[in-house]
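Q: Curious how this folds, go ahead:
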Amino acid sequence: MLIKIRNIYSHMTTNRKVITGLLLSSLFYLTAAVSVTYPLITDLKNQIPADPGDPLLNVWTLWWDLKSITEFNIAEYFDANVMFPYKNTLAFSEHLTGESILGLPFYLINQNPVFIYNILYLLSFVVAGIGMFILAYHLTQSLTASFFAGLIYAFIPHRIGQAGHIQTLWSGFFPICILYLYRLIDEARIRHIILLSFFVILQSLMNMYFAVYLAIILPLTAVPYIIHQKKTTDVRLIISLIITALLSLLILLPFFLPYIELREYFGLTREIKTISSLPEIKNLSGINRFSFLYKEYFTKLDINEGSFFLGISVAAAATFGIIFSKVREIYRLTLILIIIFSFLIISGPNPTIVIKDTVFNYGFLYRFLYDYFPAFDGTRVPMRFYIFTVLAVSIFAGSGIALTERIKTGAIRVIIFLLVLSAISLEYYARIPAIKFDIFTSPPEILKKVRSLGDGAVIYFPLRHTYSHIIYAAVTGKPTYTSFTGYIHPLNNILKEIEKNPDGADTLNILSALGIRYIAVTDRILSDRFDRINPEEGKKFSKIYEGNDGVIYSLEYDFGGYFTYRNFSEISYFINKNRYYIYLKTDIGRNGSKIPLRLYFNAEITYRKDGRIIQKEKKKIRVPEIAGVSPVFVTEAEKSQINFDEIEITIFGKNKRDSKTFKKRISI
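A: Residues are numbered from 1 along each chain as shown. This is a model prediction of the structure:
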C-alpha cells in the first residue's frame, strides 16, 4: 500500500513538473514569436507580416470562412465571392477552415480579419512549439529535450521561410498526430481513436497539402512500430486503425469534394514537368531572406520555398542525438526513415547527382507517388514535405542537448544550457517585417461606394493588382472578378485584351456575358478610355462615381444566363480524308456569347449501325472560355475503323440525372 501511494505521489510530481515545463516553454515560444515578428504586436489591426501577397489572400479567406460560419451559410461555404462567376471558388486555393475554427473566439470579439489573421499567425509558432514539446517528452522523458525540440521545430529557418503562408505555418498538430498514433498502437482504446482522428482532421483542415502528407507519413510511422511491438495480428488494433482512417475520411470528404469538382470542371492538374526538383545538394544549405545572421551568405540557395538550413548548432546536436541519446531504437529508426523518405520527396521528380560524369536521377519515389498515390499529383511544392525532416531533426537535436543532463554539476549544466540556447537563438533569429495594412479600418472612398451599391458583381482595373482585388471583395462584400487565387482565372487573357483596348467593340459584350454590373477603375488613363465607350442598343453604361481614388461605372443589361449543357442544340459533322469530325452546335445567336461555368463536360458517345450499337465511348468535351455561335468539337472517327450510320451523344450536367441527348443520321 505504501509503495502504491509513493508511486502515485511520484507520478503527480512528475506531471506537475511537465506541466510547469510546458507552460514556461510556451511563454518562451510566445515571446520569441513576438520578437521575430516585431513590431506586428504593436498594431494587430493595421499590419500584416511578411509581404502583401499571399497573406492578403489568406486574410480574405479567413474573412469569408468566419462570415459563412457565423451566418450559418454552410451550404454555400465554398461558393466564395472571388473568381466570379464560378462556383466552389474557395477551392481554388486553401480553404483555411482549421484556422477559422481556431479564430472563431477572436472573431466574436473583433471582426477585423487582419486582427484575427495576426493572432493566428503568432499562435502558429506557439502551437508548433507546444506540439513538438509534447511528442518529444513522450519519446525522451526529458524536459530539456522537449523544450529545445519545440524551439527548433517552431523557429527553424524552413518555417520562417514560409512566413507568407499561414496555412503552412500551422504544422503544430503533426507531432500530436504521431503521439496519438503511438498511443493507439500501444493501447487500442476508444479515446485514442477519437483523439487521433480529431488531430488528423484538425491538421488536415489547416492545409489540404497536410491531409495528403498525413496519409503518407502516418503509415510510414505506424508500420515499423507495429512490427516492433509484435502487433501485426492484433485484430483490435487493426480495427481501431481502420475506424480512425474511416472517421477522418468521412469528416474530411466534404472538404475534398469541391477540389475534385473543380479539377473535373476546369482540368486542373499539375503536370509533373511543372514540379520543381532540387537542383543541387548544396541547396540544402539555403536559408530565407529574413535570417539575421546568414542572410548575406545562403539566401541565393533558397529556391522554391527551400529554406533547408538546419543551423550548425542544431545539426551538431542532432548528430549527437542520433548517436548517443537514449531514445528507443524503434523511435530512432522511424525518425531516420522519415528523414530519408522526406529527402526523396523534397528532391522532386527529377533531381540528379553526378558521379564521375555519370548522371543519376533519384526522383523515383516522387514519381511513384505522383502516379499512384491519391491527390499527390495535386501538390505543387515538394519542399513543403521538409517539415517532417524538421520534425525528426528537432527530436534528435533536443535529445542530443539533453545529454548535458548527465553532467552532475548543476552550475555547469545551466551554463551549457544557456550557451546552447544562445547559439540556437542567434542562428535562428529572424525579422519578419510588418507591413502597414489599414484597409479595413480606413477603406478608401471608392470601396465605400462599391459597398453601398446594389446587388451585382464588380470588376476592378488594372487587373494586375489581383491581391488587392481579393481584399476588396472582403471590404465590400461584393462578388468580385479576380485574376488569381491559387489558379489563374480562365478568362484572364481575354480580360487583359479588354484592358488594352477598353473602348473596343467587344468590351461590354464580354463584361455583360460575364455578369458584371460594376466596373471600378483606379487608373486615370484607363478611365479616360472607358469614358469613350458607346453602349450598343440594349445596354446602359454610365459613370456613377468619380473621385481622387478612381471611377466606378454601372453596366445595365438583360442578362441571358451562363452557358450550361442545355445550350447544346444539335449534332453537326463534316468528313475530311475518310475521317468524321463530330461537333455539337449551340443555341447562342450569331452575335451573342455566354460564359460557361465549367470548361469540361462529360459526354457519352454511341455509334450505331442499322440500329445496333457498334461502339460506346466516354469523353470530356472542352468548351471555350466564352461560348458563341461556333460549334464545339466532340470527337473524330475513322471511317474504316468504325462502320456506323448513326451517332448519339449524351451530354451531362453536374450529375447523370442532368443530361441532354442528341442523335444524328450519318451519310455514308
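Q: lowest-confidence helix or strand of the protein?
A: One helix or strand of the chain scores below all others by mean pLDDT, DSSP states H and E: helix 295-298, with a mean of 74.
Q: which element follows that one toward the C-terminus?
A: On the C-terminal side of helix 295-298, the nearest following helix or strand under DSSP states H and E is helix 312-324.
Q: now His489: how far from Ser313?
A: 47 Å (C-beta to C-beta, to the nearest Å). Bear in mind the C-beta positions are built from the backbone N, C-alpha and C, glycine included.
Q: List the buried residues in the least confident helix or strand of the chain.
A: By 16 or more other C-beta atoms under 10 Å, the buried positions in helix 295-298 come out as Phe298.
Q: what's near enough to touch Leu247?
A: Applying C-beta atoms under 8 Å, 6 or more residues apart in numbering to Leu247 gives the contacts Ile193, Ser197.
Q: which stretch of helix or strand covers it?
A: Following DSSP H and E, one finds Leu247 within helix 235-266.
Q: How far off centre is the least confident helix or strand of the chain?
A: 29 Å (C-alpha atoms, centre = their mean, to the nearest Å).
Q: For stretch 398-410, list every residue counted as buried.
A: Of all the residues in stretch 398-410, those buried under the rule 16+ other C-beta under 10 Å are Gly398, Ser399, Gly400, Ile401, Ala402, Leu403, Thr404.
Q: Go through those and say which is closest to Glu556.
A: Of all those, Gly398 has the smallest distance to Glu556: 65.6 Å, by C-beta to C-beta.
Q: now the helices for the stretch 301-450 of the chain?
A: With DSSP state H, counting those that start in this stretch as the criterion, the stretch 301-450 of the chain has helices at 312-324, 329-346, 364-372, 387-401, 410-428, 445-452.
Q: And the fifth one, what's buried?
A: If I follow you right, that is helix 410-428. Of all the residues in helix 410-428, those buried under the rule 16+ other C-beta under 10 Å are Phe417, Val420, Leu421, Ala423, Ile424, Glu427, Tyr428.
Q: which one is the first one nearest to, not counting chain neighbours?
A: In space, and not counting its chain neighbours, Phe417 is closest to Thr404: 6.7 Å by C-beta to C-beta, 6 or more residues apart in numbering.
Q: just checking, the one you found touches Leu418?
A: No. Shown here, Thr404 and Leu418 do not form a contact pair, counting by C-beta atoms under 8 Å, at 11.0 Å.
Q: rewinding a little: in a markdown table, list the buried residues of helix 410-428 along with pLDDT and distance to Tyr180.
A: As requested, these are exported to a markdown table (pLDDT from 0 to 100; distance: C-beta to C-beta, whole Å):
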| residue | pLDDT | distance to Tyr180 |
| --- | --- | --- |
| Phe417 | 93 | 30 |
| Val420 | 95 | 30 |
| Leu421 | 96 | 29 |
| Ala423 | 95 | 33 |
| Ile424 | 96 | 28 |
| Glu427 | 94 | 32 |
| Tyr428 | 94 | 28 |
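Q: Serialize those to JSON lines and add fields for distance to Gly161.
A: Formatted as JSON lines, those follow (distance: C-beta to C-beta, whole Å):
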{"residue": "Phe417", "distance to Gly161": "28"}
{"residue": "Val420", "distance to Gly161": "23"}
{"residue": "Leu421", "distance to Gly161": "22"}
{"residue": "Ala423", "distance to Gly161": "20"}
{"residue": "Ile424", "distance to Gly161": "17"}
{"residue": "Glu427", "distance to Gly161": "14"}
{"residue": "Tyr428", "distance to Gly161": "12"}
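Q: List just the nearest of the buried residues of stretch 398-410 to Glu499.
A: Proximity of those to Glu499 was ranked by C-beta to C-beta; the top entry is Gly398 with 54.3 Å.
Q: Show the contacting residues for the closest one.
A: By C-beta under 8 Å, 6+ apart, the residues touching Gly398 are 136, 140, 142, 144-150, 152, 317, 321.
Q: Can you tell me which of these is nearest Arg289?
A: Nearest to Arg289 out of these is Ile152 (C-beta to C-beta; 20.4 Å).
Q: which stretch of helix or strand covers that closest one?
A: Here Ile152 sits within helix 143-155, counting by DSSP H and E.
Q: next structured bit after that helix?
A: Using DSSP H and E, the first helix or strand after helix 143-155 is helix 157-160.
Q: mind checking how far Leu447 is from Pro462?
A: 16 Å.
Q: just to revisit the earlier point, wait, which of the helices of the stretch 301-450 of the chain is closest to Leu57?
A: Leu57 lies closest to helix 445-452 among those, at 17.5 Å (C-beta to C-beta).
Q: In terms of secondary structure, what does that closest one contact?
A: Contact analysis of helix 445-452 by 3 or more C-beta pairs under 8 Å, 6 or more residues apart in numbering; DSSP states H and E lists helix 466-476, strand 516-521, strand 540-547, strand 550-556 as its packing neighbours.
Q: Quick one: mean pLDDT over the helix or strand following the second one.
A: Going back to what we said before, that points to strand 516-521. Sequence order places helix 524-531 as the next helix or strand after strand 516-521, per DSSP H and E. For helix 524-531, the mean pLDDT works out to 92.
Q: for stretch 232-250, same thing?
A: For stretch 232-250, the mean pLDDT works out to 96.
Q: Could you give me the buried positions within that stretch?
A: By 16+ other C-beta under 10 Å, the buried positions in stretch 232-250 come out as Leu237, Ser240, Leu241, Ile243, Thr244, Ala245, Leu247, Ser248, Leu249.
Q: Could you find the closest non-adjacent residue to the second one?
A: If I follow you right, that is Ser240. Ala188 (4.1 Å).
Q: wait, the one you found sits on Ile242?
A: No. Contact criterion C-beta under 8 Å: Ala188 and Ile242 do not qualify, at 11.1 Å.
Q: which non-adjacent residue is nearest Gly267?
A: Distances taken as C-beta to C-beta, 6+ apart place Tyr600 nearest to Gly267, at 5.7 Å, with adjacent residues excluded.
Q: rewinding a little: in JSON lines: the helices of the stretch 301-450 of the chain, plus distance to Lys616.
A: What follows is these, written out as JSON lines (distance: least, C-beta to C-beta, whole Å):
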{"stretch": "helix 312-324", "distance to Lys616": "59"}
{"stretch": "helix 329-346", "distance to Lys616": "40"}
{"stretch": "helix 364-372", "distance to Lys616": "27"}
{"stretch": "helix 387-401", "distance to Lys616": "46"}
{"stretch": "helix 410-428", "distance to Lys616": "62"}
{"stretch": "helix 445-452", "distance to Lys616": "51"}
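Q: more crowded one of Leu447 and Pro462?
A: Neighbours were counted for Leu447 and for Pro462 using other C-beta atoms under 10 Å; Leu447 has more, 20 against 15.
Q: contacting residues around the more buried one?
A: For Leu447, the contacting residues are Ile439, Tyr472, Val475, Thr476, by C-beta under 8 Å, 6+ apart.
Q: Among these, which one has the most neighbours?
A: Neighbour counts for the contacts of Leu447 (other C-beta under 10 Å) peak at Tyr472, which has 27 neighbours.
Q: shaky segments in this protein?
A: Along the chain, segments meeting pLDDT under 70 span 1-14, 279-280, 282-283, 299-304, 306, 668.
Q: Now do the same contact list for the residue nearest the centre of it.
A: Centre of the chain computed as the mean C-alpha position; nearest residue by C-alpha atoms, centre = their mean is Glu94, 3.7 Å away. By C-beta under 8 Å, 6+ apart, the residues touching Glu94 are Asn58, Thr61, Gln167, Asn207, Met208, Gly486.
Q: go on, Phe210?
A: Residues near Phe210 by C-beta under 8 Å, 6+ apart: Ser171, Phe174, Gln203, Ser204.
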